[in-house]
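Trainee: sharing a model prediction with you, sequence too.
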Amino acid sequence: MEYVYAALILHSAGKEITEEGIKSILSAAGVEVDEARVKALVTALEGINIDEVLEKATIAPVAAAAPAPAPEEEQKEKKEEKKKEEEKKEDSAMAAAAGLGALFM
């Protein structure tokens with residue numbers, strides 16, 4: 001991840017993203033530089049509009065995230081579900097009792 005951060009620092013500073021630039025940032029931060037990863041990153045970022053990608057990345061989570069129900073609403077829903085289940089059980093018990101009573105009439 002530090003490689004991507006180095007590229008973003010270069011981009012934010014208005015500098016070209018180069019292998020040397022990334023290496024110097026990583027070295028300054030005390031990161032052991034893997035030349036292959038630096039080359040792969042620079043190659044992968046060629047032709048990419050980083051501003052556009054960042055804009056899409058910041059918008060997407062907001063649009064995708066649905067508002068979480070408030071805890072009080074969750075508790076009310078659970079209580080209502082529990083009440084409905086209890087009512088169903090009582091209704092079925094009464095129906096069974098009525099059915100048995102009809103046998104003895």
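Mentor: Ah, there it is.

Trainee: where does pLDDT dip in this protein?
Mentor: 60-70, 91-105 (pLDDT under 70).

Trainee: list the buried residues in stretch 3-11.
Mentor: Under the neighbour-count criterion of 16 or more other Cβ atoms under 10 Å, stretch 3-11 has 3, 6-7, 10-11 buried. (Each C-beta comes from the backbone N, C-alpha and C, glycine too.)

Trainee: now do the contacts for V4.
Mentor: Applying Cβ atoms under 8 Å, 6 or more residues apart in numbering, one finds that V4 lies in contact with L41.

Trainee: in helices, which of the buried residues of stretch 3-11 appear?
Mentor: Judged by DSSP state H, those include 3, 6-7, 10-11 as members of helices.

Trainee: can I get the residues you listed in TSV with distance to E86?
Mentor: Below are those laid out as TSV (distance: Cβ to Cβ, whole Å):
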residue	distance to E86
Y3	58
A6	61
A7	60
L10	64
H11	60
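
Trainee: of the buried residues of stretch 3-11, which is the nearest to S27?
Mentor: Of all the buried residues of stretch 3-11, A6 has the smallest distance to S27: 9.8 Å, by Cβ to Cβ.
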